[in-house]
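S.K.: sequence and predicted structure below; questions after.
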Amino acid sequence: MTYTLEGRTGPWEIVCGLEVHAQVVSKAKLFSGAATAFGAAPNTQVSFVDAAFPGMLPVINRECVAQAIRTGLGLNAEINLWSRFDRKNYFYADLPAGYQISQYQHPIVGKGEIVIDLADGSTRTIGITRLHLEQDAGKSLHDQHPTKSFIDLNRAGVALMEIVSEPDIRSPEEAGAYIAKLRQILRYLGTCDGNMEEGSLRADVNVSVRRPGEMYRTRCEVKNVNSIRFVMQAIEAEARRQIEVWESGGEVQQETRLFDPNRGLTRPMRSKEHAHDYRYFPDPDLLPLELDPAWVAELKAGLPELPDAKAARFQRDYGLSAYDARVLVAEQATADYYESVAKGRDPKQAANWVMGDLFAALNRTGRGIADSPVPAASLGRLLDLIADDTISGRIAKQVFEEMVDTGADPAAIVEAKGLRQVKDTGAIDEAVARVLAANADKVAEYRSGKDKLFGFFVGQVMKAMAGKGNPALVNEALKRALS
Amino acid sequence: MSLDAETVRRIAALARIRVKEEEVARLQGELNHILAWIEQLSEVETEGVEPLPGAMRMKLKMREDVVTEGDLHDAILANAPDRADNAMGSFFAVPKVVE
């Protein structure tokens, strides 16, 4: 079903393409030896190259190039063995050189694709137009002084990958799924940390609307949207604005806009009125970037297993449902955790514990999988105790909570608390006899045909045994006593 | 190809160069001269000739991913027309630019 927005005069489709700026994971900047770490004191991670001092020359960071190639390979994209850097000229206080070194006509990565996962379980393929390397600009702080803006150049010159999608996105949900999937792939590849709060991943959103079946109409660009939720809101807000313009007889003007999350609206960006004339030309300070195919092959061989491949393997090897596999591969750390629990054990049971009890515990304690209060090996040992009948599944839940609270080993908890399952039929028979004696009325009802009471007796016996009775033996003993 | 007066004003504005109205005609002439010289180059037959990215026959040099510089803020800010220091550290200060 095509997503449409209802206007006064009928339905409208959304056409959307995204430009995502992903900060490259590297120690040093794209063209200088200054550090990239987030959160340093202002202007302490700036070289003379980044500050555009006269006579300084850029020298490209090999690792940043490798990261762009890895990302291209991860997006099933063409790697261009010959690419070039161009200057994009504009004036802004946080751009010391008056130009950004970018790649215009000859990007390092060409066409690729991303398969996005939608909430209803379906998938769609979104085309990638290109990926290019460029410098980030510095940061302007406008809230520090009544009449001045403060400029911090720590971010100036940090490597960015601009990843441009085809206008294949047709709904806010698809845009959200696209960014989520791209972020997941980047994190698996280790080429971008995907941290949207710190600005490591930012999106420019191109939106137009059209009548079903029409060609494209004029688009607007909404700049610098910094969360998946805001991207989805910005697309809908901008589409509704454009529908209103068309329906009231106007014409959408191509322009750059900003999204105001507080009001849920987009508004035109004043400073960009003349800025679209960037007068690109090849950067005379840099030679073309020529890649050795052997290096590209080496980088390809070193790529990790990516989420889609991993999810497919989880379904195949562990018999998981598509949904479970998708949840477990969302983060590499989660997938690794799951695999070390599942290895040599019941994989479905392992999945239930990870996605159920473990996720709940992480939520409750506000911790991530990487610093989980219960390490994978401990959870594995707990499942072993269930498998060899040392404890029942119900007692295991209790042991698990104790593990979350104390970090203790499951076997130690079972011993210390005397939770070992009772398999002694004498003790079980005795508990059964006690329960039946105390509930003579219920026994009579049961015998006169109220079969459902069997569950009640099981519960009472288990309660009498503090949950430690072996469930199968308890069932047997009850059946015997009640027959 | 020739530039009209409006294009000269536009180029000047993009380059942040203030041009007096009486200078426009002279600049227009100079720029058109330069363009004419460059247009002469198109007379050369370049079919099948690879673009020459530089005068020297060498490959792009790369650096390793190592942090080699930092804490240069005083040197970086030494020539700043205006600087500001607060609890966070040292900044360039510029007239307020707010979107």
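M.R.: Here it is on my side, so go on. Numbering: from 1, shown residues only, chains lettered A, B, ... in the order given.
S.K.: burial measure for residue 17, as a count.
M.R.: Since no chain was named, I'll use chain A. 22 (other C-beta atoms under 10 Å in any protein chain shown). Backbone N, C-alpha and C define where each C-beta goes, glycine included.
S.K.: not quite, I wanted chain B
M.R.: Residues near residue B:17, counting by other C-beta under 10 Å: 9.
S.K.: now do residue A:144 against residue A:37, distance only.
M.R.: 22 Å (C-beta to C-beta, to the nearest Å).
S.K.: and those two? Which one has more around it.
M.R.: A side-by-side neighbour count of residue A:144 and residue A:37, using other C-beta under 10 Å, places residue A:144 first with 15 against 10.
S.K.: so the more buried one touches residue A:150, yeah?
M.R.: Yes: assessed by C-beta atoms under 8 Å, residue A:144 is found in contact with residue A:150 at 4.8 Å.
S.K.: which neighbours do the two share?
M.R.: B:84, B:91 (C-beta atoms under 8 Å, 6 or more residues apart in numbering or on different chains).
S.K.: low pLDDT regions in chain A?
M.R.: Scanning chain A for pLDDT under 70 picks out the ranges A:1, A:270-276.
S.K.: if we use 80, what do you get?
M.R.: A:1, A:270-276, A:418, A:421-424, A:483 (pLDDT under 80).
S.K.: can you give the domain ranges for it?
M.R.: Domain assignment for chain A by automatic domain parsing gives A:4-299, A:305-416, A:425-482.
S.K.: how about stretch A:60-67: buried residues?
M.R.: Burial within stretch A:60-67, assessed by neighbour count using 16 or more other C-beta atoms under 10 Å in any protein chain shown, is assigned to A:60-61, A:63-67.
S.K.: export those as JSON lines, with columns for distance to residue A:394 and secondary structure.
M.R.: JSON lines is the format used below for those (distance: C-beta to C-beta, whole Å; DSSP: H, G, I helix; E, B strand; the rest coil):
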{"residue": "A:60", "distance to residue A:394": "61", "secondary structure": "strand"}
{"residue": "A:61", "distance to residue A:394": "56", "secondary structure": "strand"}
{"residue": "A:63", "distance to residue A:394": "52", "secondary structure": "helix"}
{"residue": "A:64", "distance to residue A:394": "54", "secondary structure": "helix"}
{"residue": "A:65", "distance to residue A:394": "56", "secondary structure": "helix"}
{"residue": "A:66", "distance to residue A:394": "51", "secondary structure": "helix"}
{"residue": "A:67", "distance to residue A:394": "49", "secondary structure": "helix"}
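S.K.: quick check, central residue of chain B?
M.R.: The residue lying closest to the centre of chain B (C-alpha atoms, centre = their mean) is residue B:15, at 7.8 Å.
S.K.: for residue A:413, give me its contacts.
M.R.: A:399, A:402-403, A:406, A:419.
S.K.: kindly recompute the last result at 10 Å.
M.R.: If you count contacts by C-beta atoms under 10 Å, 6 or more residues apart in numbering or on different chains, residue A:413 has them with A:382, A:385, A:391, A:395, A:398-403, A:405-406, A:419.
S.K.: could you do residue A:440 as well?
M.R.: Residue A:440 touches nothing, counting by C-beta under 10 Å, 6+ apart.
S.K.: for it, phi and psi?
M.R.: phi -60, psi -40 (degrees, to the nearest 10).
S.K.: quick check: it vs residue A:434, distance?
M.R.: From residue A:440 to residue A:434 the distance is 12 Å (C-beta to C-beta).
S.K.: likewise for residue A:30?
M.R.: Distance from residue A:30 to residue A:434, by C-beta to C-beta: 76 Å.
S.K.: quick one, which of the two is more surrounded?
M.R.: Neighbour totals were compared for residue A:30 and residue A:434, and residue A:30 leads with 28 against 14 (other C-beta under 10 Å).
S.K.: you'd agree the more buried one is up against residue A:103?
M.R.: No: if you go by C-beta atoms under 10 Å, residue A:30 and residue A:103 don't touch, sitting 11.2 Å apart.
S.K.: give me the common contacts of those two.
M.R.: Joint contacts of residue A:30 and residue A:103 (C-beta under 10 Å, 6+ apart) are A:68, A:85, A:133-134.
S.K.: check contacts around the residue in the stretch 201-350 of chain A positioned nearest to chain B.
M.R.: Going by C-beta to the nearest C-beta, chain B is nearest to residue A:287 of the stretch 201-350 of chain A, at 4.1 Å. When contacts are counted by C-beta under 10 Å, 6+ apart, residue A:287 touches A:60, A:84-85, B:53-54, B:56, B:58-61.
S.K.: pull the longest helix from chain B.
M.R.: helix B:21-41 (DSSP state H).
S.K.: so which residues of the stretch 51-200 of chain A form helices?
M.R.: A:62-74, A:172-189 (DSSP state H, counting those that start in this stretch).
S.K.: quick check: angle from the shortest one to helix A:172-189?
M.R.: Taking axes from the mean of the first three to the mean of the last three C-alpha atoms, to 10 degrees, one finds helix A:62-74 and helix A:172-189 inclined to each other by 130 degrees.
S.K.: so what does helix A:62-74 touch, helix or strand wise?
M.R.: strand A:10-23, strand A:112-117, strand A:123-135, strand A:159-165, helix A:172-189, helix A:293-301, strand B:62-63 (3 or more C-beta pairs under 10 Å, 6 or more residues apart in numbering or on different chains; DSSP states H and E).
S.K.: what do you get if the cut-off is 6 Å, keeping everything else the same?
M.R.: The elements that helix A:62-74 packs onto, with contact taken as 3 or more C-beta pairs under 6 Å, 6 or more residues apart in numbering or on different chains; DSSP states H and E, are strand A:159-165, helix A:172-189, helix A:293-301.
S.K.: distance between it and the chain's centre?
M.R.: 20 Å (C-alpha atoms, centre = their mean, to the nearest Å).
S.K.: what's in contact with it?
M.R.: Helix A:62-74 is contacted from outside by A:24, A:26, A:30, A:79, A:108-109, A:131, A:133, A:159, A:161, A:185, A:189, A:191, A:296, A:299-300, A:303, A:306, B:62, B:65, using C-beta atoms under 6 Å, 6 or more residues apart in numbering or on different chains.
S.K.: hmm, residue B:5 and residue B:32 touching each other?
M.R.: No: using C-beta atoms under 6 Å, residue B:32 is not in contact with residue B:5, being 11.0 Å away.
S.K.: in what helix or strand does residue A:229 lie?
M.R.: helix A:228-247 (DSSP states H and E).
S.K.: quick one: that helix to helix A:172-189, angle?
M.R.: 150 degrees.
S.K.: and helix A:228-247, which residues are buried?
M.R.: Buried-residue list, helix A:228-247, by 16+ other C-beta under 10 Å: A:228, A:230-243, A:246.
S.K.: ok, now stretch B:60-78?
M.R.: B:60, B:63, B:65, B:67, B:69-70, B:72-73, B:76-77.
S.K.: out of those, who's near chain A?
M.R.: Contacts with chain A within those, counted by C-beta under 6 Å from any C-beta of the partner chain: B:60, B:63, B:65, B:67, B:69-70, B:73, B:76.
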